[in-house]
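1. Give me coordinates for this.
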Amino acid sequence: MGAPTRTRPGRRGDSLLRRAGQGLALPFLPSDGARRALELGEELQRPITTGRRIVVTRPRAGAGEATVTALLAAVFAHYRQDRVLTLDITPGSTSLARRLGVEPSSSLGEVARRRVAASSFEDLEEHLARVRDRLWMLPAVHGGAEEALEARDFRETLLPLTRYFGITLIDRGADVYDGFNHAAQAGAHAHVLVAPATADGAADIARGFDWMAAQGDTATPKRAVVALVEQGPDEDPAFDLDGAAAVLRRSGAAVVPLRYDRHLAGAEALEPRRIARATHTAATRVALHALRRAG
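-> Predicted structure coming up:
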């Protein structure tokens, strides 16, 4: 089993002044807001009959899909009582492991090669890196010596494995075209598309939706949640976020902006208690939209 890494915690997402203001304002917040927060939490806790697979991907490198995957994992593990698994299926990538603060000692490829008979969760658990209660992480391959996975590994290894988890979050790079990645994409119940909160980032997503429409695929956008991530303060001041979101929603997708967060920008391993309140809220909305679209 992988061990947690020791990293500096980084700054809090909200400044001291903002945290103080939030504390002072708390008794005066409208009851409707508190009630809505409870309703969101209750919906995230709803039972599901079979595990749901949610693929998190991005149209171009540097969009921050590992960060969004880690945020969603923290939200699902907080609200749900079943297990949550995160998988990084980009060969050679350690981004998700760093964001979750673990050092995996095994991989899905090793589980496949050893033909682990996962007749119970306990048989599988030694291959997983434990992040916290109800949350585990596993990379597709561990180190550069392992062979790339194939579509049959998705069917024969990953699918049986996910029956032990209520939610499986799959972090995949859009620039990887092997059979395993294609199978994971095709087998997803919902998709989270991550792009920078810029004109170029929104245009990348819009072009993808236009291409799907040209191919006659109107179903995939309706199973998608677009996370527009602000990676720096005022990253694109001229960007019309509301206008871009309205255009993207016409395809049937949900759109949620994630504002710049000092903690996410300055720390490798995210700590939920240090994330800005607005980030918590936005990540919860992304998780809820994805769960709804997963059916």
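
2. how far away is Ala112 from Gly201?
-> 35 Å (C-beta to C-beta, to the nearest Å). Backbone N, C-alpha and C define where each C-beta goes, glycine included.

3. Ser107 contacts Ala129, correct?
-> No: if you go by C-beta atoms under 8 Å, Ser107 and Ala129 don't touch, sitting 10.0 Å apart.

4. that older thread, so for Ala112 and Gly201, which residue has more residues nearby?
-> Gly201 (25 against 21; other C-beta atoms under 10 Å).

5. Provide the count of other residues in contact range of the nearest residue to the more buried one once chain neighbours are set aside.
-> Leaving aside its sequence neighbours, Gly201 sits nearest to Ala195 (C-beta to C-beta, 6 or more residues apart in numbering; 3.7 Å). Counted by other C-beta under 10 Å, the residues lying close to Ala195 total 25.

6. Pull up the pairing partners for the host helix or strand of Ala195, direction included.
-> Using DSSP states H and E, Ala195 sits within strand 190-196. The strands beside strand 190-196 in its sheet (DSSP bridges) come out as strand 52-57 (parallel), strand 224-229 (parallel).

7. How far does that strand sit from its chain's centre?
-> 9 Å (C-alpha atoms, centre = their mean, to the nearest Å).

8. how far off strand 190-196 does the next helix or strand after it point, in degrees?
-> Past strand 190-196, further along toward the C-terminus, the next helix or strand under DSSP H and E is helix 199-214. Taking axes from the mean of the first three to the mean of the last three C-alpha atoms, to 10 degrees, one finds that helix 199-214 is oriented at 150 degrees with respect to strand 190-196.

9. Please identify the buried residues of helix 199-214?
-> 201-202, 204-206, 208-209, 212 (16 or more other C-beta atoms under 10 Å).

10. Same question for stretch 164-181.
-> 164-174, 176, 180-181.

11. Now do the end-to-end distance for that stretch.
-> Length of stretch 164-181, first residue to last, C-alpha to C-alpha, to the nearest Å: 21 Å.
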